[in-house]
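K.L.:
quick one: sequence and predicted model below, then my questions.
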Amino acid sequence: MNLGRILSTTIKELQQMSRDKKLYPLLFVAPILQIIILGYAATFDIHNIPTVALDRDQTQLSRQYLRCFHHNGYFNIKYHVSNRNQIYRLLDRGKVKIGIEIPIDFENKLRKGITSAVQLIVDGTESNSATIALNYARIISEKFSSRLIIKRIDLLSFNAGDFLSSFRREIGHTFLVDNRTRLWYNPDLSSADFMVPGVICMLLLIVTTNLTAISIVKEKEIGTMEQLLVTPIKPSELIVGKLIPCILIGFIDVIFILIIGYLIFQIPIKGSIVLLLALSIFYLFSTLGLGIVISTIVQSQEQSMIVTFLIILIMNILSGIIFPIANMPQVIQYLTYLMPIRYFAIIVRGILLRGIGFEMLWPQVLALIILGILTLALSINRLRKRIQ
C-alpha cells in the first residue's frame, strides 16, 4: 500500500463531507438527540401505575392494605368503585392498568389466621409492565402478611408469659426472613445505566455503517468511481482512505455520547476511557466492513439506507442490548454469535459499569477481531470484483 495515495483519498473524502452541509446533522446532531431521547424513553422503571380499587370489606384492615399500594410510589389508586363491572370498564377504556378487589370477609379471615384471597385484575397487553406490576403487588402483599404474622406471634408470646421475646420484636419492621440486599454495579437499578451503554453500541453501528455505505454508493451515482479506476490507486488503498474519516467520526460520536451520558444521565464511568476507545477500533472493523458489503449490493443511496436499516434492526434485536439472549430460542442464540454488537455491548457495559479491564474482556475482543477481519476481507473482495 502507498501511504501517499491513502492520505490523498482520506483528504478528498473529508473535503467531500465538509461540502455536504446536510450530512452534519446526520453525523453529529442525530446521535446526540437519539441518546437523549432513548435515555429518557427507553426505561423499564414503572411508577404511578393507574389503579382501581374495589373494597368490599370496608374495614380498617382492608383500608390499611390499600394504603400500602397508594403510598409506595409504584401504584396510584385513581378510582374507588362499588362493583367488578366498573373495573372491567376502566380496563377496557385504558384508564387503569390494574384492579384490586378485596373480598367481603377480608379482615375477619385474617384475624382468625385464615388466608384471604385478594383478586388482582391486570391489563396484560403490555406483558413487561404487567409482569413488573404483579411483582410489585406480590411484594406488597407479602410484607403486609408478614407484619400481621409478627403481630400475632408477639401476642402469643405475651400471653404465654414470654415478655422478653415480645419486647425484642419491633412490630411492623421485623420479618420472618430479613433479606439484606446489596446491589453491585447499578445500586439504584436505573434503566438509564442499563440502556445508555447499549445505545452507544447502536448509534455507532448506525452512523458508521450508513456513512460507509452511502459514501461508496455516492461515488457510483455521481460517476466519480470510474474516474478513480483510471488512477493508480488500488482497491485496498481506496477502502482504507474512505474508512479513516468514518473511524474519526465514529470516535467523535462515541466521545459526545459518553459526555452526554455522564452529564445528563449520570452514567458512571468506572473503567478506562482510553481502553474503551481502543477496543472500539475492533468493533468499527465490523461495522465499516458491513457498510462496504452493503454498498456492493445496492445501486443507489435510497436502497443503501433501506438495506442498512433492515440489517441494523435485526442486529440490534439480537444483540442482547434490550432483550436477554438467554430468553431467545436456541437457534436464534447461535445466530447472535455472528453479531459484533453483542460482544461490543458486553465491553461497553463492562468498562463503564463494572470497571473491568482487558484481562476480563479478551474473549469479546478476540471475537470482534475475528468478525472484523472476516467482514473486511469479504468487503474488500466484493468491492474488488465489483470494480473489475
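P.N.:
Arrived safely, thanks for sending.

K.L.:
now the helix or strand containing residue 251: buried residues?
P.N.:
Element membership for residue 251 (DSSP states H and E) is helix 235-264. Buried residues in helix 235-264, counted by 16 or more other C-beta atoms under 10 Å: 235, 237-247, 249-250, 253-254, 256-258, 260-261. For glycine as for every other residue, the C-beta is placed from the backbone atoms N, C-alpha and C.

K.L.:
likewise for stretch 115-130?
P.N.:
116, 121, 122, 123, 129, 130.

K.L.:
convert the C-alpha atoms of that stretch to CSV, please.
P.N.:
Coordinates of each C-alpha in stretch 115-130 appear next as CSV, following Å, rounded to 0.1, in the frame of the first residue of the first chain:
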residue,chain,number,x,y,z
THR,A,115,-55.8,-17.0,54.1
SER,A,116,-57.9,-14.3,52.4
ALA,A,117,-57.7,-14.2,48.6
VAL,A,118,-57.4,-10.7,47.0
GLN,A,119,-58.2,-10.5,43.3
LEU,A,120,-55.8,-8.7,41.1
ILE,A,121,-57.0,-7.9,37.6
VAL,A,122,-54.1,-6.8,35.3
ASP,A,123,-54.1,-5.4,31.8
GLY,A,124,-51.7,-7.8,30.0
THR,A,125,-51.4,-6.0,26.7
GLU,A,126,-48.0,-4.8,27.8
SER,A,127,-46.6,-8.0,29.1
ASN,A,128,-43.4,-6.5,30.6
SER,A,129,-45.3,-3.8,32.5
ALA,A,130,-47.9,-6.3,33.7
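
K.L.:
per-domain residue ranges of this structure.
P.N.:
Using automatic domain parsing, the domain ranges for the chain come out as 3-43+190-387, 49-168.

K.L.:
just name the most buried of those.
P.N.:
domain 3-43+190-387 (a mean of 17; mean count of other C-beta atoms under 10 Å).

K.L.:
off-centre distance for that one?
P.N.:
Averaging C-alpha positions (C-alpha atoms, centre = their mean, to the nearest Å) puts domain 3-43+190-387 18 Å from its chain's average.

K.L.:
which pLDDT value goes with residue 85?
P.N.:
Predicted confidence (pLDDT) for residue 85: 91.

K.L.:
do residue 329 as well
P.N.:
88.

K.L.:
over to residue 366?
P.N.:
Residue 366 is assigned 93 on the pLDDT scale.

K.L.:
please, which helix or strand holds it?
P.N.:
Residue 366 belongs to helix 358-387, assigned by DSSP H and E.

K.L.:
and that helix with helix 235-264, angle?
P.N.:
Angle of helix 358-387 versus helix 235-264, following axes from the mean of the first three to the mean of the last three C-alpha atoms, to 10 degrees, is 140 degrees.

K.L.:
which helices and strands does helix 358-387 pack with?
P.N.:
Secondary-structure packing of helix 358-387 (3 or more C-beta pairs under 8 Å, 6 or more residues apart in numbering; DSSP states H and E): helix 235-264, helix 273-297, helix 340-349.

K.L.:
give me the helices and strands touching the shortest one, please.
P.N.:
This points to helix 340-349. By 3+ C-beta pairs under 8 Å, 6+ apart, helix 340-349 packs against helix 191-222, helix 273-297, helix 358-387.

K.L.:
can you put these in JSON lines and add distance to residue 80?
P.N.:
Below are the helices and strands packed on helix 340-349 laid out as JSON lines (distance: least, C-beta to C-beta, whole Å):
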{"stretch": "helix 191-222", "distance to residue 80": "31"}
{"stretch": "helix 273-297", "distance to residue 80": "52"}
{"stretch": "helix 358-387", "distance to residue 80": "53"}
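
K.L.:
looking at those helices, which has the lowest confidence?
P.N.:
When I compare the helices and strands packed on helix 340-349, helix 191-222 is least confident, with a mean of 80.

K.L.:
against which helices or strands is that one packed?
P.N.:
helix 30-41, helix 235-264, helix 273-297, helix 301-317, helix 340-349.

K.L.:
identify the residue nearest the geometric centre of the chain.
P.N.:
By C-alpha atoms, centre = their mean, the chain has its centre lying nearest to residue 195, at 3.5 Å.

K.L.:
sorry, back to before: tell me what angle the helix holding residue 251 forms with helix 191-222.
P.N.:
Going by the same axes, to 10 degrees, helix 235-264 makes 150 degrees with helix 191-222.

K.L.:
same question for helix 235-264, mean pLDDT?
P.N.:
79.

K.L.:
show me what it is packed against.
P.N.:
helix 3-19, helix 30-41, helix 191-222, helix 273-297, helix 358-387.

K.L.:
switch the cut-off to 10 Å
P.N.:
Applying 3 or more C-beta pairs under 10 Å, 6 or more residues apart in numbering; DSSP states H and E, one finds that helix 235-264 contacts helix 3-19, helix 30-41, helix 191-222, helix 224-229, helix 273-297, helix 358-387.

K.L.:
how close does the residue nearest to the centre of the chain sit to residue 36?
P.N.:
Residue 195 sits 12 Å away from residue 36, going by C-beta to C-beta, to the nearest Å.

K.L.:
now do the shared contacts for those two.
P.N.:
261, 265 (C-beta atoms under 10 Å, 6 or more residues apart in numbering).

K.L.:
circling back: was I right about the residue nearest to the centre of the chain contacting residue 348?
P.N.:
No. Residue 195 lies out of contact with residue 348 (C-beta atoms under 10 Å); the separation is 11.6 Å.
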